[in-house]
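Novice: Next comes the sequence, and after it the predicted model I'd like to discuss.
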Amino acid sequence: MKIKKHSIIKPPYNIKQIKLGDKKKFGIKINKNLHHLFSKFSGDKSPLHTSKKFCEKNGFKDLVGYAFLIDCILSKIYGMYFPGGSELCLQHTSKFIKPYYINDYLNITITVTQKNFHAKLITLDVKINTRNNLIFEGETLLKLPLEK
């Protein structure tokens, strides 16, 4: 899974390096191989994700991408890029607004909306778009170290 990132500071970040309002952008194309790998890993072989005929009969233009693949992508972003592997996830919420499809490019924007320096906590707002359509909103609470 190759994620395109835009960052100046190299991870991992600590609580001192993160500012309220910091915004990070990432992107990933959901190709057929990634879709298939998630299907194998998760064991989810439902027709919504595996049968184009079923999808079209039910009003979808193609195979629908896995909702929880998005959460896996966010896990990789948090662990590898921002904050980058020094955090502990305490809470995460996901709101899947619209479906996405194989070969869609996900534009991911993560914004720091709360920071508690003493408790070493940050709250991240996550928005994901495809072709200028909002498909996902989420919020994540992370505990970070004071130092790297």
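Specialist: It's in. Bear in mind that the values here come from a model prediction, so they are computed numbers and not experimental data. Numbers count the residues shown, from 1 in each chain.

Novice: from here on, contacts and neighbour counts on C-alpha atoms
Specialist: OK.

Novice: Pull out the buried residues from the longest helix seen in the chain.
Specialist: Ranked by residue count under DSSP state H, the longest helix found in the chain is helix 67-80. By 16 or more other CA atoms under 10 Å, the buried positions in helix 67-80 come out as 67, 69-70, 73-74, 76-79.

Novice: most distant residue from the middle of the chain?
Specialist: Relative to the C-alpha centroid of the chain, counting by CA atoms, centre = their mean, residue 57 is the outermost residue, at 29.0 Å.

Novice: distance of the residue nearest the centre of the chain from residue 115?
Specialist: The structure's the chain has its C-alpha centroid closest to residue 74; by CA atoms, centre = their mean the separation is 3.0 Å. When distance is defined by CA to CA, to the nearest Å, residue 74 is 19 Å away from residue 115.

Novice: what residues are up against the nearest residue to residue 144 once chain neighbours are set aside?
Specialist: Among residues not flanking residue 144 along the chain, residue 87 sits closest, at 4.6 Å (CA to CA, 6 or more residues apart in numbering). With CA atoms under 8 Å, 6 or more residues apart in numbering as the criterion, the residues that contact residue 87 are 78-79, 142-145.

Novice: Quick check: of those, which lies closest to residue 132?
Specialist: Out of the contacts of residue 87, the one with the shortest distance to residue 132 is residue 78. That distance is 23.5 Å, counting by CA to CA.

Novice: quick one on the thing from earlier: just give me the least confident of the buried residues of helix 67-80.
Specialist: Comparing pLDDT over the buried residues of helix 67-80, residue 79 scores lowest. The value there is 90.

Novice: so that one touches residue 86, yeah?
Specialist: Yes: under the criterion of CA atoms under 8 Å, residue 79 lies in contact with residue 86, with a separation of 7.3 Å.

Novice: how about residue 122, what does it touch?
Specialist: If a contact means CA under 8 Å, 6+ apart, then residue 122 has 15, 112-116, 141-144 as its contacts.

Novice: Please tell me the pLDDT value assigned to the nearest residue to residue 62 once chain neighbours are set aside.
Specialist: Here the nearest residue to residue 62 in space, its sequence neighbours aside, is residue 52; by CA to CA, 6+ apart that works out to 5.6 Å. Among the per-residue scores, residue 52 holds a pLDDT of 94.

Novice: Please apply the same query to residue 84.
Specialist: The per-residue pLDDT reported for residue 84 equals 87.

Novice: I'm done for today, thanks for sticking with me.
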